[in-house]
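Enquirer: this one's sequence-less:
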């Protein structure tokens, strides 16, 4: 995959980051190196490997996830949020 200035601009927009002009060339090279490294995974022979979604055998050792509606916790969390409204986080629209 070719990493160029156009792709870097798209990545900046998607990540809501701005890369300084002085660092743009180095960033393109670094992202290219990362992509090349990941493409090495295509060389692995996984024909006889079974697909799995978890590395934990025998299920999860964690507690059961039970919803808990505690107004004190909700209030504390929303106090630390940049924006909230009617008990929910307010986030910027990402789909145009």
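Expert: Cool, got the structure. Remember, it's a predicted structure, so these values are computed and weren't measured experimentally. Residues are numbered from 1 along each chain as shown.

Enquirer: Now do the helices in the chain.
Expert: 5-15, 24-39, 71-79 (DSSP state H).

Enquirer: any chance of those helices in a markdown table, plus mean neighbour count?
Expert: Any C-beta I mention is one placed from the backbone N, CA and C, and that applies to glycine too. Compiled in a markdown table, the helices of the chain are given as follows (neighbours: other Cβ atoms under 10 Å):
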| stretch | mean neighbour count |
| --- | --- |
| helix 5-15 | 11 |
| helix 24-39 | 12 |
| helix 71-79 | 10 |
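
Enquirer: any chance of those in a markdown table, with distance to residue 89 too?
Expert: Shown next, in a markdown table, are these (distance: least, Cβ to Cβ, whole Å):
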| stretch | distance to residue 89 |
| --- | --- |
| helix 5-15 | 19 |
| helix 24-39 | 30 |
| helix 71-79 | 8 |
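
Enquirer: Serialize those to a markdown table and add fields for mean pLDDT.
Expert: Shown next, in a markdown table, are the helices of the chain (pLDDT from 0 to 100):
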| stretch | mean pLDDT |
| --- | --- |
| helix 5-15 | 93 |
| helix 24-39 | 93 |
| helix 71-79 | 90 |
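
Enquirer: Go through the ones you listed and name the closest to residue 93.
Expert: Smallest distance to residue 93 across these (Cβ to Cβ): 13.5 Å, for helix 5-15.

Enquirer: Quick check, central residue of the chain?
Expert: Central residue of the chain (Cα atoms, centre = their mean): residue 15, 9.3 Å from the mean position.

Enquirer: quick one: contacts for residue 5?
Expert: Applying Cβ atoms under 8 Å, 6 or more residues apart in numbering, we find residue 5 in contact with 24, 28.

Enquirer: 10 Å - rerun?
Expert: By Cβ atoms under 10 Å, 6 or more residues apart in numbering, residue 5 lies in contact with 24-25, 28.

Enquirer: out of the residues you listed, which one sits closest to residue 78?
Expert: For these, the nearest to residue 78 is residue 24 (38.0 Å; Cβ to Cβ).
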